[in-house]
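*Asks:* sequence unknown, structure follows:
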């Protein structure tokens, strides 16, 4: 059952450039456990969409099945939503995107949804460079079925029942890099300062943008020994940099105080400004990003922040060379070949 | 019973090796008969293999337009040593074996009751061509030339086809002509041409065309406005997607920008293919996928979602032999139950059963309209026989200025006028709700699509009464579909007999011939061709108006009979099955014999000797 918040908000609350208040980006009341990392991510999505001046109805939110996939109900209630089947959100997002290239597509998934049943669809969405933002709310366990290890649970991580995970973890970031994703980031649900600009940059990226967000499960995976708990993540995470998203139309000021900042420019001219980047790492260089990722992993660290970005990517519509008009807007005029063409076809079969 | 022989009534079978280029030569042979104004029915009988195994191509010529498969081979062209023994055995007594006698045939192969026509095809090609590939390819053209002389096929017609075929590679025309003449010359010099089995020009095909059902289906989807196609290769449906892509390259490109008004994706699997179609249809495009039974099995979960979430989906199921991998290159109609009720829970899907390429075209477009109108999956139930074999068909027709039926879609302006939009409200009492495409209106019309239970306003609920209201409305919608799907077709006068025969799809060809065979013995049976599920009132009436109804279908378990009994509440005893499930298209003879046998048992006094 979904419980809906009253839509009333104070008339004096500030509106963004497209005339919406922050409350307009909220959704139903969450039915997830109190303290669930996923709710923090929902909050970051609300914040990012508000700040990005996105008209809610121009965004389509899609998900699969699981705790994380329930969250689209809890943000952007004025957006069309789609809860598909387990792990198959990417194919539905692909079809939706093919039908109308002019909407913004936000896919939300979990580690069970993406790293197990949905692995095939996840990698193929990357391969096709589908223009969407794909957020995995990664808690390393199956919350809805009471805490079984997922495929992203780290080797040796201790579950709530005390058992030790015997298998290697699938690193979705590593896969995304390997497969050529144009935007790859990792964050922590408890670090809104980092996550909000990352979501904004992901949405501005003109191709597949992936954010793996470690999002502790307070009920089944927040115990001592778990590597996806709040405590562990806070202790071992290392941010690649402090970051800020600078939209295209905003004046870009030089940061005099920090001479080590770099700016990563997106396709549309927006920028991500990274301050004090980790030494020896170039976010534009996939090899460098991969190296940085593996290096951190070998030291037991979780690196967060923007890991890799390639602004010059060709999304699926570019690859397929589809019309500028959204396919769902085409009419009989554009879609029905002529009667003469049909007569030629008939003639070719005589 | 005479199976026919002589002028314009015979069966020729070619026994080839898969992958040796024989398909083109065999096709030229068939087309030549067609261009001589004769109704023909060619069939590929091929292995699930790329190269090296025996493959056959069978052409039935019948000027009375009986175009089902007929058993008994009158002329066998045997160029595959691997299957020679079996090929010789399959020739009807009095028939002909045209074979390559470059090597002498062993005495053990000889039969006294058939005529052997030896032509040294390989030897001729070895002498004439130096390139080994040419030697192999032109051997096929040599036998076409020999057949032209033996059967009295007009050489100019064959040459016209070759010229058309190689219009873009004119250099290939002369060597083909040479091979053709070489074969004809040898036949004329060594045999008494033409044979008693031969062709004569007629004017029996009018403005008909000859094409395969998969191409026609693809064209129907193209004319019907499909702008997104997602598919995964599987025999025998692959050529639907392939033909769609080929024609889209020519007919869906903006001449000014060069950009495409279509998106075609070869998905990673069937699950993704149907997922993409669902996403595209949810977002207001017309989309389809094409697959076969094994693919439908994989798509089940998504089909259930589309049914429950009420998303228009068009799916082409080109059926093949099942279960499991079954017989990938053989035909059946064995996915009726698994398609009609695909997915778990209470589900029912609209099925369309075309029986000619023209109908594949018509139903391809119709499926898109019905899916949009009903907001539900619609499955076009083709099969390998109609899908991959060429059939003589009326020309493809499109009504000028025809509009698509996009169903109940609210525009931004419509939404302004609606007080409160309820995605799953039954406003009109027909069970079909209204929908909006994402992005339509800033504040009205957005809704959540989900596979879980929801109320009329698309809000998640587990309340039993809301669930019951919803699934009952879906039943109401299925009732509404009855009046929208194609009605059955009747042949001859209605209600002349207390016996009825019901058939659908590709069994139609044999069934119509069987009706004439029965009539020839004084057995009158009324006939009806079913064209869709749900069954409309005319189907129900036909069954009620007859004491016994024969149901002709190509599966072991009489699936259509079961669905009819279940859906219409018919006494099982009155429904008699005529079944065929060996992977080959059913023959008129089989239907005739089964019906006659059943009638004799039902009515022992009937003289059916």
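*Replies:* Structure's in. What do you need? Because the structure is a prediction, the values reported are computed rather than measured.

*Asks:* spatially nearest residue to residue A:205, not counting backbone neighbours?
*Replies:* In this structure, residue A:205 finds its nearest non-sequential neighbour in residue A:183, 4.2 Å apart by CB to CB, 6 or more residues apart in numbering or on different chains. For glycine as for every other residue, the C-beta is placed from the backbone atoms N, C-alpha and C.

*Asks:* ok, residue A:34 next?
*Replies:* residue A:218 (7.3 Å).

*Asks:* how many neighbours does the one you found have?
*Replies:* By other CB atoms under 10 Å in any protein chain shown, 19 other residues sit near residue A:218.

*Asks:* I'd like the distance from it to residue B:79, if you could.
*Replies:* Noted for residue A:218: a distance of 74 Å to residue B:79, by CB to CB, to the nearest Å.

*Asks:* residue B:33 contacts residue B:153, correct?
*Replies:* Yes: contact criterion CB atoms under 8 Å: residue B:33 and residue B:153 qualify, at 6.9 Å.

*Asks:* need the residues touching each of the two.
*Replies:* Jointly contacting residue B:33 and residue B:153 under the rule CB atoms under 8 Å, 6 or more residues apart in numbering or on different chains are residue B:199.

*Asks:* buried stuff in stretch B:113-123?
*Replies:* Counting neighbours by 16 or more other CB atoms under 10 Å in any protein chain shown, one finds that the buried residues in stretch B:113-123 are B:114-122.

*Asks:* tabulate those residues (CSV), appending distance to chain A.
*Replies:* As requested, these are exported to CSV (distance: CB to the nearest CB, whole Å):
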residue, distance to chain A
B:114, 35
B:115, 34
B:116, 36
B:117, 31
B:118, 35
B:119, 30
B:120, 35
B:121, 30
B:122, 33
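
*Asks:* from the residues you listed, which single one is nearest residue A:294?
*Replies:* residue B:122 (62.0 Å; CB to CB).

*Asks:* correct me if wrong: residue B:434 contacts residue B:425.
*Replies:* Yes: with contact defined as CB under 8 Å, residue B:434 reaches residue B:425; the gap is 7.4 Å.

*Asks:* the two: which has the busier surroundings?
*Replies:* Shown here are residue B:434 and residue B:425; by other CB under 10 Å, residue B:434 has more neighbours (21 against 16).

*Asks:* which phi and psi does the residue lying closest to the more buried one once chain neighbours are set aside have?
*Replies:* Once flanking residues are discounted, residue B:434 sits nearest to residue B:408: 4.5 Å by CB to CB, 6+ apart. Reported as degrees, to the nearest 10, the phi and psi values for residue B:408 are phi -90, psi 90.

*Asks:* residue B:408 and residue A:23, how far apart?
*Replies:* On the measure of CB to CB, residue B:408 and residue A:23 end up 32 Å apart.

*Asks:* residue A:183 and chain B: what is the separation?
*Replies:* Relative to chain B, residue A:183 is positioned 21 Å away (CB to the nearest CB, to the nearest Å).

*Asks:* likewise for residue A:150?
*Replies:* Using CB to the nearest CB, residue A:150 is found at 20 Å from chain B.

*Asks:* now whichever residue of the stretch 151-300 of chain A sits closest to chain B: closest residue in space that isn't a chain neighbour?
*Replies:* Using CB to the nearest CB, the closest approach of the stretch 151-300 of chain A to chain B is made by residue A:179 at 12.6 Å. In this structure, residue A:179 finds its nearest non-sequential neighbour in residue A:126, 4.4 Å apart by CB to CB, 6+ apart.

*Asks:* re the thing from before, I'd say the residue nearest to residue A:205 and residue A:312 touch.
*Replies:* No: between residue A:183 and residue A:312 there is no contact under CB under 8 Å: 11.9 Å.

*Asks:* more neighbours: these two, which one.
*Replies:* Taking other CB under 10 Å, residue A:183 and residue A:312 do not tie; residue A:183 has more neighbours (30 against 9).

*Asks:* the more buried one pairs with what?
*Replies:* residue A:209, residue A:309 (DSSP bridges).

*Asks:* contact partners for it?
*Replies:* By CB under 8 Å, 6+ apart, residue A:183 lies in contact with A:201-202, A:205, A:207-210, A:306, A:308-310.

*Asks:* possible to save those as TSV with neighbour count?
*Replies:* As requested, those are arranged in TSV below (neighbours: other CB atoms under 10 Å in any protein chain shown):
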residue	neighbour count
A:201	28
A:202	26
A:205	27
A:207	23
A:208	28
A:209	28
A:210	30
A:306	27
A:308	27
A:309	23
A:310	20
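
*Asks:* tally of neighbours for residue A:93?
*Replies:* 31.

*Asks:* isn't there a strand covering it?
*Replies:* No: per DSSP: H, G, I helix; E, B strand; the rest coil, residue A:93 lies outside any strand segment and is helix.

*Asks:* could you pull up the residues touching the closest residue to residue A:337 other than its chain neighbours?
*Replies:* Leaving aside its sequence neighbours, residue A:337 sits nearest to residue B:251 (CB to CB, 6+ apart; 3.9 Å). By CB under 8 Å, 6+ apart, the residues touching residue B:251 are A:337, A:341, B:222.

*Asks:* 10 Å instead, please
*Replies:* Counting by CB atoms under 10 Å, 6 or more residues apart in numbering or on different chains, residue B:251 makes contact with A:335-338, A:341-342, A:345, B:219, B:222-223, B:261-262.

*Asks:* quick one, what contacts the residue of the stretch 101-250 of chain A found nearest chain B?
*Replies:* Residue of the stretch 101-250 of chain A nearest chain B, by CB to the nearest CB: residue A:124 (4.4 Å). Shown in contact with residue A:124 (CB under 10 Å, 6+ apart): A:90-91, A:94, A:130, A:179, B:265, B:267-269, B:272.

*Asks:* identify the residues contacting the residue of the stretch 451-600 of chain B found nearest chain A.
*Replies:* Chain A sits closest to residue B:460 of the stretch 451-600 of chain B, with a gap of 4.9 Å, by CB to the nearest CB. Neighbouring residues of residue B:460 by CB under 10 Å, 6+ apart: A:1-2, A:28, A:31, A:70, A:73, A:83, B:448, B:450, B:452-454.

*Asks:* narrow these to just the buried residues.
*Replies:* By neighbour count, with 16+ other CB under 10 Å, the contacts of residue B:460 hold A:2, A:28, A:70, A:73, A:83, B:448, B:450, B:453-454 as buried.

*Asks:* narrow the residues you listed to those in strands?
*Replies:* A:83, B:448, B:450 (DSSP state E).

*Asks:* dig out what the last one forms beta bridges with.
*Replies:* Think residue B:450. Under the criterion used (DSSP bridges), residue B:450 bridges to residue A:83.

*Asks:* isn't it right up against residue A:83?
*Replies:* Yes: using CB atoms under 10 Å, residue B:450 makes contact with residue A:83 at a distance of 3.9 Å.

*Asks:* return every residue with contacts to both of those two.
*Replies:* With CB under 10 Å, 6+ apart, residue B:450 and residue A:83 have common neighbours A:63, A:65, A:69-70, A:72-73, B:305, B:309, B:460.

*Asks:* looking at these, spot the one nearest residue B:11.
*Replies:* The nearest member of these to residue B:11, counting by CB to CB, is residue B:305 at 47.1 Å.

*Asks:* burial of that closest one, as a residue count?
*Replies:* There are 26 residues near residue B:305, going by other CB under 10 Å.

*Asks:* any idea which helix or strand comes after whichever helix or strand it is part of?
*Replies:* Using DSSP states H and E, residue B:305 maps to helix B:293-309. Downstream of helix B:293-309, the first helix or strand assigned by DSSP H and E is strand B:313-319.

*Asks:* right, and the helix or strand after that next one?
*Replies:* Counting by DSSP H and E, what follows strand B:313-319 is helix B:336-340.

*Asks:* pull the residues that contact that following helix.
*Replies:* B:293, B:296-297, B:300, B:303, B:315, B:317, B:319, B:322-323, B:347-351, B:353, B:377, B:379-381, B:504-505, B:533-534, B:553-555, B:557-563, B:566-567.
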